[in-house]
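Trainee: take a look and give me a structure for this.
(one chain, ligands or ions: 1)
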Amino acid sequence: MAEDYQKDHAGKELALEARASEAERLSSPSVARNRDAIRDVFCDHMPDMGTVLEIGSGTGEHAVHISRRLPDLTWTPSDPDAASRRSIIAWADYLNLTNVHAPLDLDVAHADWFKRPDIPTPLIGMMSVNMIHIAPFEAAEGLFAGAGALLQKEGRLFLYGPFLREGKTAPSNHAFDESLRSRDPRWGVRDLDRDILPLARRAGLSLQKVIQMPANNLAVIFSRE
Ligand SMILES: C[S@@+](CC[C@H](N)C(=O)[O-])C[C@H]1O[C@@H](n2cnc3c(N)ncnc32)[C@H](O)[C@@H]1O
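Mentor: Residues are numbered from 1 along each chain as shown. Predicted coordinates for the structure are as follows:
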């Protein structure tokens with residue numbers, strides 16, 4: 001099992017980790033580190049009943065970790081990457097989780113992605129972990145447009161990742177931002193105040209909570225007005 005993954009000099013993993021695999025179940029080293037903290041914040045601030053759509057689910061490990069704790073949630077994962085979707089199915093099967101549905105092939109940078117008829121509605125929640133900085137800004141724009149269209153009133157959107165606040169962040173996040181942009185100039189750590197809050201306002205979402213997480217990440221919760 002390959003456990004090696006690249007780190008930049010500040011200790012943050014680079015965008016594309018090498019993921020270990022067992023059959024089709026992929027394991028991400030970063031998820032091993034952050035999944036408990038993310039699950040606990042999710043349990044404290046997100047609904048525990050109803051349907052949640054996850055965007056950019058990756059290996060599916062967050063989906064199964066949270067869904068095991070919250071059996072009254074119905075979880076629809078998604079990812080544009082086929083190997084990730086296979087991993088999500090394999091994890092849900094392995095753990096016999098009936099509340100994790102088959103993953104959808106969703107790319108939120110595509111205009112009108114949220115108009116697909118196979119997206120379950122109404123949605124009480126949406127979640128996206130470590131996605132908007134490792135994708136063109138159109139993905140963040142599409143994520144919020146979709147949240148505005150799909151979330152029911154008072155439904156919540158949960159984002160997790162590194163962010164700038166008014167241009168400022170920890171040195172490790174600045175270094176991570178540089179490493180991302182050197183890989184793809186369209187990627188980069190987003191500024192919560194300057195880049196993201198305008199998208200939320202436009203989509204009819206209000207900022208509910210910003211929670212400091214380990215390794216200079218934030219959990220950010222929005223509510224559909
Ligand atoms: C760094 S991985 C994070 C995966 C998972 N959320 C986690 O925390 O382990 C970023 C994920 O976002 C997905 N992604 C990238 N661009 C996307 C887009 N435009 N729409 C939806 N997902 C996207 C990738 O396929 C990848 O699985």
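Trainee: helix or strand next in line after the lengthiest helix in the chain, which one?
Mentor: Secondary structure of the chain per DSSP state H: the longest helix is helix 29-45. Using DSSP states H and E, the helix or strand that follows helix 29-45 in sequence is strand 50-54.
Trainee: and that next one, which strands flank it?
Mentor: Using DSSP bridges, the strands paired with strand 50-54 are strand 73-76 (parallel), strand 123-129 (parallel).
Trainee: burial of the residue of the chain found nearest the ligand, as a residue count?
Mentor: Relative to the ligand, the nearest point of the chain is Gly58 (2.5 Å; CB to the nearest ligand atom). For the C-beta atoms, the positions are set from N, CA and C on the backbone; glycine is no exception. Gly58 sits with 24 neighbouring residues when counted by other CB atoms under 10 Å.
Trainee: quick check: phi and psi on it?
Mentor: Backbone torsions of Gly58, given as degrees, to the nearest 10, read phi 60, psi -130.
Trainee: for the one 10 residues further on, same thing?
Mentor: Geometry field for Arg68 lists phi and psi as phi -70, psi -40, criterion degrees, to the nearest 10.
Trainee: correct me, but it touches Tyr94?
Mentor: No: look at Arg68 against Tyr94 with CB atoms under 8 Å: they stay out of range, at 11.6 Å.
Trainee: I'd say the residue of the chain closest to the ligand and Ala83 touch.
Mentor: No: using CB under 8 Å, Gly58 is not in contact with Ala83; the gap is 10.0 Å.
Trainee: return the set of buried residues in stretch 162-169.
Mentor: Pro162, Phe163, Leu164, Thr169 (16 or more other CB atoms under 10 Å).
Trainee: quick one: the host helix or strand of Ala92 to strand 50-54, angle?
Mentor: Taking DSSP H and E as the criterion, the element that holds Ala92 is helix 82-94. Going by axes from the mean of the first three to the mean of the last three CA atoms, to 10 degrees, helix 82-94 is angled at 150 degrees with respect to strand 50-54.
Trainee: which residues are contacting helix 82-94?
Mentor: Helix 82-94 has contacts (CB atoms under 8 Å, 6 or more residues apart in numbering) with 21, 23-26, 57-61, 63-64, 67, 77, 79, 97, 100, 102-103, 105.
Trainee: put the buried members of the residues you listed into a ChimeraX selection.
Mentor: Buried residues among the contacts of helix 82-94 (16+ other CB under 10 Å), as a ChimeraX selection:
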select :25,26,57,58,59,60,61,63,64,67,77,79,97,100,103
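Trainee: isn't Ser78 right up against Glu54?
Mentor: Yes: counting by CB under 8 Å, Ser78 does reach Glu54; the two are 6.3 Å apart.
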